[in-house]
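> got a predicted structure here, sequence first:
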Amino acid sequence: MKYVIAGTAGHIDHGKSALVRALTGTDPDRLEEEKRRGITIDLGFAHLDLGDGLRLGFIDVPGHERFVRNMLAGAGGIDLVLLVVAADESIKPQTREHFDICQLLGVRKGMVVITKADLVEPEIVDLVKLEAQEFVAGSFLEGAPVVAVSARTGQGLDALRSELGRLGAEVAAKPTDLPFRLPIDRAFVMKGFGAVVTGTLIAGRIEKEAEVEIHPLGRRVRIRGIEVHNRSTDVALAGQRTALNLAGVEAREIARGMTLAEPGLFEPATRLDCTVALLDTARPLRDRAKVHFHCWTAETLAEVVLLDAKELRPGSRAFAQLRLKEPGLYLSGDRFIIRQFSPVVTIGGGVVLDGQPPKHRFGDPQVRESLEVLERGDAEARLRLLTAQSGEISLSALVMRTGWQSSEVLRVGKLLEGKGNLVMLGQPPSLFASSEHFRDLGRRVVEQLDRFHEANPLVAGLPKEGLRGRAVAALYERRRSNLGGPLREGRLRPPLQQTSLPLERRGQTAGGHRPPLQHTGLPSPALFSAVLQALAAENKIELKGETVRRLGREIQLTAEELAAKDQISRAFEKAGLAVPSAKEVLGGLRIDRARAEKILHILLQEKTLLKVAEDLIFHSSALDKLRQLVAQRKQQSNRIDVAVFKEMTGLTRKYAIPLLEYLDRERVTRREGDARIIL
């Protein structure tokens, strides 16, 4: 079965609901107020089987200008439109506004239906047909069928069904392989079932008992039951009018404009990069103007931030960033409508290019170039751009930024990796890094190690985490020098998701321009580890446990420092087990305290000295002799307590307890109560 969504459009009282009722046998006016007043107020729904495996779902919209916001909640999901024009009134204001909305939303199929044909003479019907054809000239409805009907007498309904069947067969099926999304247009309580939501499934598929997430509510719920066109089913597919019974949420918590989606995959946004186009009849739109924003079933206020102009003229288009008053789930490719703040009339629309963008600088040419790639670039160019901008980005984030299925992201990523444009990490891959960012991070690591070794000749190397922080600090410093602005001294800034301000000017995209490298947070452990492994494979660095150093780099001691090292070692060796404090030993040296502490650290790293407890350091030879002493004791008894240990070694409790605990850790002994078992 192929499912196609047909929507009505047209002026109030032009017979849209009567037409749907005549075609389907279902009255789309479901509200008591609608029946009492004789006008459609909210969205209505019905369906029609046309044979040959084709089912039309109808969305009937209100025609009154006061209810255009309700019309917009249903218009986003339609595949073909029935532009309804009454034979006794012809083209009216809401005919024009509804038709403008259909064009702005990218509807590409439809027809003109002349209703109430029984109320006027045939000549008048022919005249209205001509007026309608002239009205749609130059649009997607130019050359489309124009059918005259009467919902009261049935005149023309068979011809209308035939045309609907033909158009429905031409409509491309909605993608079932994309991530699941269902914008909610109704939420109510059904007695005995609980919360029920309805909407048009715009992408993907959903199964009974599946877990979904409600955006922007952030609540995960379970699908208890599914209905498609009033029939229970276990699976709903893209293109179907769907009702879902939800477990784990109250209907009062859900509202029109929210979206159901795959759990954990998407995040709501309050900023959208997009193209905006104004109607010829609109007023000029100034930068930072407030508008009403409509996308799918959602409506909110938005500020239009033009990116390279102070004003958008009627009939023109531009790149802009919309800053939304309320968060919502919007993906690349989603179409929207904007309406004037006051008076509220439709003035334009556009397409979302990026649902998670940073803020931009006005007039930045790189922003325009990047948005041009997102608008017109192929899949490889878009993925390369998003990866280059972020430096590194997770698979789930790319699914969110592109709206693609994860398998498609991986496919395109593999192509780019083969061309040397990015690096995919993980098995299976879950992290993407631009090759330029990967190489640049490697250069920063080598630079920071060289600087560290030069400043610290007595230290073997840097801990990995310390090096990771130094590498990103170098990126910050470079960004500061590029921008001429200070960074706060003494600490790193929190990692940023993105910034449009350039860190790098390298790395041509497939579109031919140079995207800014926007990654400014700490490299993830996975990426940093991969960079270190690559540098080690290139014989540039050496990894020893958690310490990193330049390959072949050895600790360099002066004659004075070598003498101090020997003096420290002999002092602890001579003391045996009754060792002095480190402070006492270092205080007797001729070198400064800072160098003395580094030399002590070297002896600890070399295992010449061992730190048993705080301020208790022993020479390794003394601890070896202690092991031998304990082994000899075992020949007499395998048990030992503190008193016996003190008698054996001649030590006070100050030394005895830490040494016994050391022997426990080394598995020479095992504590049982107040005694030890010699192993």
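It's in. Numbering: from 1, shown residues only.

> contacts, neighbours, all on C-alpha from now
Will do.

> Asp664: what's it in contact with?
Contact partners of Asp664, counting by CA atoms under 8 Å, 6 or more residues apart in numbering, are Arg670, Arg671.

> how about a cut-off of 6 Å?
Contacts were defined as CA atoms under 6 Å, 6 or more residues apart in numbering; by that measure Asp664 touches Arg670.

> how about the one 5 residues further on?
The contact partners of Thr669, taken as CA under 6 Å, 6+ apart, are Leu663, Arg676, Ile677, Ile678, Leu679.

> report the buried members of those residues.
Leu663, Arg676, Ile677, Ile678 (16 or more other CA atoms under 10 Å).

> secondary structure element for the second one?
Assessed by DSSP states H and E, Arg676 sits inside strand 675-678.

> turn the contacts of Thr669 into a markdown table, columns for pLDDT.
Below are the contacts of Thr669 laid out as a markdown table (pLDDT from 0 to 100):
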| residue | pLDDT |
| --- | --- |
| Leu663 | 91 |
| Arg676 | 90 |
| Ile677 | 88 |
| Ile678 | 87 |
| Leu679 | 83 |
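
> and which of the residues you listed is nearest Ala132?
Of all these, Leu663 has the smallest distance to Ala132: 96.2 Å, by CA to CA.

> is it true that the closest one lies in a strand?
No - using DSSP: H, G, I helix; E, B strand; the rest coil, the secondary structure at Leu663 is helix, not a strand.

> quick one, what contacts it?
Thr669.

> that one and Pro525: what is the separation?
35 Å (CA to CA, to the nearest Å).

> can you give me the strands in the stretch 151-300 of the chain?
Assigned by DSSP state E, counting those that start in this stretch, the strands in the stretch 151-300 of the chain fall at 181-183, 186-190, 194-200, 205-207, 211-215, 219-228, 231-233, 235-237, 241-247, 259-261, 269-278, 285-286, 289-295, 298-306.

> make TSV out of those strands and add mean neighbour count, distance to Gly25 and mean pLDDT.
As requested, these are exported to TSV (neighbours: other CA atoms under 10 Å; distance: least, CA to CA, whole Å; pLDDT from 0 to 100):
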stretch	mean neighbour count	distance to Gly25	mean pLDDT
strand 181-183	26	26	95
strand 186-190	16	22	90
strand 194-200	23	21	92
strand 205-207	21	28	93
strand 211-215	21	33	96
strand 219-228	19	17	94
strand 231-233	12	16	92
strand 235-237	20	24	94
strand 241-247	23	17	94
strand 259-261	25	30	95
strand 269-278	23	39	95
strand 285-286	18	45	95
strand 289-295	22	30	96
strand 298-306	22	30	96
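
> my guess is Ile640 meets Arg676, correct?
Yes - Ile640 is within contact range of Arg676, at 5.2 Å (criterion: CA atoms under 6 Å).

> the buried ones among the contacts of Thr669: which two are farthest apart?
Most distant of the buried ones among the contacts of Thr669, by CA to CA, are Leu663 and Ile677, 10.7 Å apart.

> quick revisit: I'd like the buried ones among the contacts of Thr669 as CSV, with distance to Val276 appended.
Shown next, in CSV, are the buried ones among the contacts of Thr669 (distance: CA to CA, whole Å):
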residue, distance to Val276
Leu663, 74
Arg676, 79
Ile677, 80
Ile678, 80
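
> before we move on, the earlier item: the strand holding Arg676 pairs with which strands, parallel or anti?
Using DSSP bridges, the strands paired with strand 675-678 are strand 639-641 (antiparallel), strand 669-672 (antiparallel).

> distance from the chain centre to the first one, please.
The gap between the average C-alpha position of strand 639-641 and the chain average comes to 62 Å, counting by CA atoms, centre = their mean, to the nearest Å.

> between the contacts of Thr669, which is nearest Val373?
Nearest to Val373 out of the contacts of Thr669 is Leu663 (CA to CA; 65.6 Å).

> show me where the stretch 551-679 of the chain has helices.
Ranges of helices in the stretch 551-679 of the chain, per DSSP state H, counting those that start in this stretch, are 559-575, 582-587, 593-605, 620-634, 642-649, 653-665.

> among those, which comes closest to Arg219?
helix 653-665 (48.0 Å).

> mind exporting the C-alpha coordinates of that closest one to PDB?
Taking C-alpha atoms only, helix 653-665 is exported to PDB below (Å, rounded to 0.1, in the frame of the first residue of the first chain):
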ATOM      1  CA  ARG A 653      55.800   1.900  65.300                       C
ATOM      2  CA  LYS A 654      56.300   5.000  63.000                       C
ATOM      3  CA  TYR A 655      58.100   2.800  60.500                       C
ATOM      4  CA  ALA A 656      56.700  -0.700  61.300                       C
ATOM      5  CA  ILE A 657      53.000   0.000  60.500                       C
ATOM      6  CA  PRO A 658      53.700   1.600  57.000                       C
ATOM      7  CA  LEU A 659      56.200  -1.200  56.100                       C
ATOM      8  CA  LEU A 660      53.700  -4.000  57.100                       C
ATOM      9  CA  GLU A 661      51.100  -2.300  55.000                       C
ATOM     10  CA  TYR A 662      53.600  -2.100  52.100                       C
ATOM     11  CA  LEU A 663      54.300  -5.900  52.500                       C
ATOM     12  CA  ASP A 664      50.500  -6.500  52.400                       C
ATOM     13  CA  ARG A 665      50.300  -4.600  49.100                       C
END
